[in-house]
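Asks: This is a predicted model, with the sequence first.
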Amino acid sequence: WDLTGQELQRIPLPRPNNVDVRQGVHVDSEVLDLSVATLRENGGLRAFAVDPSSRLLSDITADGGLEVPEVDDPYGLCLYSRPGDGALFAFVTSRSGDSAEAVHQYLLEGDGGGHVRGSFVRTLGVGAIGSLVEGLVADDVAGHLYAAEENVAVHKFFADPALGLDGLIASFAIEDGISGDREGLALHARSDGTGYILLSSQGNSSLKVYPREGSGGDLDSHPLILTVKTLGATSSDGIDATSVSFGASFPQGLVVKHHSPGRNFALFAWEDVAGGILAGCPP
């Protein structure tokens, strides 16, 4: 859809579940905007190039698919683009099976023919995650992965496998008046390194807001700073956010929130979410 709610394209897929996007991805000799989705029915991923003019998608998944055999039932997904070399990774979780208590990381790269293939890199969260995770978001600049264990907390890990640091950094959103599942995760990231981590509290249809840059001089302290009720978007699973200006309707960016009863999405201008309390667009 575009931002007025007009449908631009419909692509039938075998039970797609989660999706993420990154711009400026190197696929062999091309630089592309890329969208990747999990497919629960056939157990893999699907990669699409996004045409910047038409905003339409074209499937560029490598022959044989983007398989994730380490994941029993592909569910949550987010992308991470490493700033140093532009390498693109996908983090994937499972809805069921032994692999449900972890996050699995895959390197996505060109296959030499302009299509995207994947290879397994590592598993995160073993021993730290004890139940279902769906909501995921990666902070490319800071180099962190956030994973929402639905009934427990949001867990923080290092996103770059080259660091060799696979352990849990911190957990937060443990209490904070959260009702039901900890669902969608999103970043409202400012160019000065500050910003907000947004979490969907499904049971009371609200957004929980945490500082991206930490608190009190501790980069890994993420206390609750605001709860926002989102009228028109209830029992939400997925959310997304951006600080990029989209003109008169969304001058300081926006938040997109799934509305479960209506099977649709609601768009909120950032200044309405911030309510004069949170910071606005990038300086």
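Replies: Good, I have the coordinates. Bear in mind that the values here come from a model prediction, so they are computed numbers and not experimental data. Residues are numbered from 1 along each chain as shown.
Asks: what number of residues lie near the closest residue to residue 148 other than its chain neighbours?
Replies: Excluding its sequence neighbours, the residue lying closest to residue 148 (Cβ to Cβ, 6 or more residues apart in numbering) is residue 135, at 3.5 Å. (Glycine included, C-beta is placed from N, CA and C.) Neighbouring residues of residue 135 were enumerated by other Cβ atoms under 10 Å; the total is 26.
Asks: Mind telling me what element residue 135 is part of?
Replies: strand 133-139 (DSSP states H and E).
Asks: Need the residues that contact the next helix or strand after that strand.
Replies: Next helix or strand after strand 133-139 toward the C-terminus (DSSP H and E): strand 144-149. Contact partners of strand 144-149, identified using Cβ atoms under 8 Å, 6 or more residues apart in numbering, comprise 76, 78, 80, 91, 93, 103, 124-125, 129-139, 154-159, 169, 173, 182-185, 197, 199.
Asks: Pairing partners for strand 144-149, with directions?
Replies: Note on strand 144-149: by DSSP bridges, its sheet partners are strand 133-139 (antiparallel), strand 153-158 (antiparallel).
Asks: What are the buried residues along it?
Replies: Neighbour-count burial for strand 144-149 flags 144, 145, 146, 147, 148, 149 (criterion: 16 or more other Cβ atoms under 10 Å).
Asks: State the pLDDT value of the third one.
Replies: I take that to be residue 146. Looking at residue 146, its pLDDT reads 98.
Asks: The helix or strand hosting residue 91 - contacts with which helices or strands?
Replies: Following DSSP H and E, one finds residue 91 within strand 88-94. Applying 3 or more Cβ pairs under 8 Å, 6 or more residues apart in numbering; DSSP states H and E, one finds that strand 88-94 contacts strand 16-27, strand 30-39, strand 74-81, strand 103-110, strand 116-124, strand 133-139, strand 144-149.
Asks: export those to TSV and tack on distance to residue 50?
Replies: Formatted as TSV, the helices and strands packed on strand 88-94 follow (distance: least, Cβ to Cβ, whole Å):
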stretch	distance to residue 50
strand 16-27	7
strand 30-39	4
strand 74-81	13
strand 103-110	15
strand 116-124	13
strand 133-139	18
strand 144-149	23
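Asks: so what's the closest residue to residue 93 other than its chain neighbours up against?
Replies: Excluding its sequence neighbours, the residue lying closest to residue 93 (Cβ to Cβ, 6+ apart) is residue 76, at 3.9 Å. Residues in contact with residue 76 (Cβ under 8 Å, 6+ apart) are 17, 18, 38, 91, 92, 93, 103, 133, 134, 135, 136, 147.
Asks: any chance of these in JSON lines, with distance to residue 272 too?
Replies: Shown next, in JSON lines, are the contacts of residue 76 (distance: Cβ to Cβ, whole Å):
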{"residue": "17", "distance to residue 272": "29"}
{"residue": "18", "distance to residue 272": "26"}
{"residue": "38", "distance to residue 272": "31"}
{"residue": "91", "distance to residue 272": "30"}
{"residue": "92", "distance to residue 272": "33"}
{"residue": "93", "distance to residue 272": "31"}
{"residue": "103", "distance to residue 272": "32"}
{"residue": "133", "distance to residue 272": "29"}
{"residue": "134", "distance to residue 272": "26"}
{"residue": "135", "distance to residue 272": "22"}
{"residue": "136", "distance to residue 272": "26"}
{"residue": "147", "distance to residue 272": "28"}
